[in-house]
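> Kindly generate the corresponding structure for this input.
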Amino acid sequence: MDICPNQPDMKIHLQKSNMSVQFHDEIFSNDNVVLNINFSGIKQGVTSTDSLRMSFYAYDKNTGQPKFSEILCFEEIKKLYENLNKISIIKDDSKIVSGKFIETTDELAGMLDGLKNIDLDILKLILDKFSGDEKIKTILESLSEIELKNLSAAHKHKSYQIELNNLEQLLGLEEGGSIVEEIKKHDNLSAYFAGQPEKIFQNWIEKNLWIFGVEYTQKHDARKIALFSEADLLMESMDGFLDLIELKRPKLEYDIFKYDASHKSYYLSPDLSKVIGQCLFYLQKMDEQKLVLEKEHKAKILRPRIKIIAGRTNNFNNEQFEALRMLNSNLNHIQIVSYDYLLSCGKKIVSHYD
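Next up, the predicted model:
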């Protein structure tokens, strides 16, 4: 926590700025210290992931002098909530004793989720016949390696399918109008809230890098390099080289093609032509800043590739798909991928867990 010796008196500060305090509570107090919590960034009962903040601060009860303060952004608040929510005695106020105090991995969560449909009375009857470590040993010996893998696969199948449904819903909101406002009406999409449409889809993709299969191993922070925009994703490929993902909106102004009636052929839309020009600039600058990028990200730069995610192909005819195939085959180190292509990739991955 940050020590703030020069911070003004907390009580005076709150009295002067009580109009900005949307949620304020005292969570601890003794003879010497008072600890408070305060949420800010809420206007007329509405907030966003960019503006919500949680503040912890303490002050000396006798002198009013501040002891410390700490401000958490949305991601840090969410991480705190998720960790507390794993503890049964905190999550369920009817409990007075917790279960085994361990953090649950995704694999274990998948196994536990798969046990939900088992008759717990029968399971308890079986386990009661064993004592101590024998219970765990018996379960592990009874479940074959295939069955354990199936439990993990079932968990991934369910979570991936939910995320694909969310992406389809986001695409529907984008087509229907103002996605920035409409998304607020859907609680299941709260993880993707943002003030710009591109950022909403970026949030989904960053949460679901599995959609690219085994093509990439990790994401790097592109914002540290002034070269890139906030919507760019710097990715490390399986062989340790850096590639770039350029995100644009799926909305109609990012049509991939326009039709030339006089020549009966398709040509690249002006909007997407600008994006390709931007990517060519990126390729040049990445080559010029090769040493800086490699030092910053501990990865290699060699003939980087850029994947442009933009537009829709759900209404493409055969000629348009052929034109896209020809375009990608002739672009050097640049590939255009639609959001419908991403959906198809995701559905293919999910099908392997059926």
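> In terms of helices and strands, where is D271?
According to DSSP states H and E, D271 maps onto helix 270-288.
> any idea which helix or strand comes after that helix?
The element immediately downstream of helix 270-288 (helix or strand, assigned by DSSP H and E) is helix 290-297.
> Quick check: buried residues in that following helix?
For helix 290-297, the buried set under the neighbour-count rule, 16 or more other CB atoms under 10 Å, comprises 293, 297. In this view, the C-beta of every residue, glycine as well, is placed from N, C-alpha and C.
> Residues touching it, excluding its own?
220, 224-225, 234, 236, 242, 286, 299-301 (CB atoms under 8 Å, 6 or more residues apart in numbering).
> Quick one: buried ones out of those residues?
Here, 16+ other CB under 10 Å leaves 220, 225, 234, 236, 242, 286, 299, 301 buried among the contacts of helix 290-297.
> Output the residues you listed in JSON lines; the columns should cover pLDDT and secondary structure.
Shown next, in JSON lines, are the buried ones among the contacts of helix 290-297 (pLDDT from 0 to 100; DSSP: H, G, I helix; E, B strand; the rest coil):
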{"residue": "H220", "pLDDT": "82", "secondary structure": "strand"}
{"residue": "I225", "pLDDT": "63", "secondary structure": "coil"}
{"residue": "L234", "pLDDT": "87", "secondary structure": "strand"}
{"residue": "E236", "pLDDT": "88", "secondary structure": "strand"}
{"residue": "L242", "pLDDT": "88", "secondary structure": "strand"}
{"residue": "M286", "pLDDT": "86", "secondary structure": "helix"}
{"residue": "A299", "pLDDT": "80", "secondary structure": "coil"}
{"residue": "I301", "pLDDT": "85", "secondary structure": "coil"}
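> Go through those and name the one nearest S273.
M286 (20.4 Å; CB to CB).
> just checking, what packs against whichever strand or helix holds F68?
Using DSSP H and E, F68 falls within strand 66-72. Judged by 3 or more CB pairs under 8 Å, 6 or more residues apart in numbering; DSSP states H and E, the packing partners of strand 66-72 are strand 53-60.
> Just want the angle from the strand it packs on to strand 66-72.
Counting by axes from the mean of the first three to the mean of the last three CA atoms, to 10 degrees, strand 53-60 lies at 170 degrees to strand 66-72.
> Strand 53-60 pairs with which strands?
Using DSSP bridges, the strands paired with strand 53-60 are strand 33-40 (antiparallel), strand 66-72 (antiparallel).
> so who does the closest residue to Q278 other than its chain neighbours touch?
Nearest non-adjacent residue to Q278, counting by CB to CB, 6 or more residues apart in numbering: E246, 7.3 Å away. E246 makes contact with 231-232, 275, 278-279, 282, 306-310, according to CB under 8 Å, 6+ apart.
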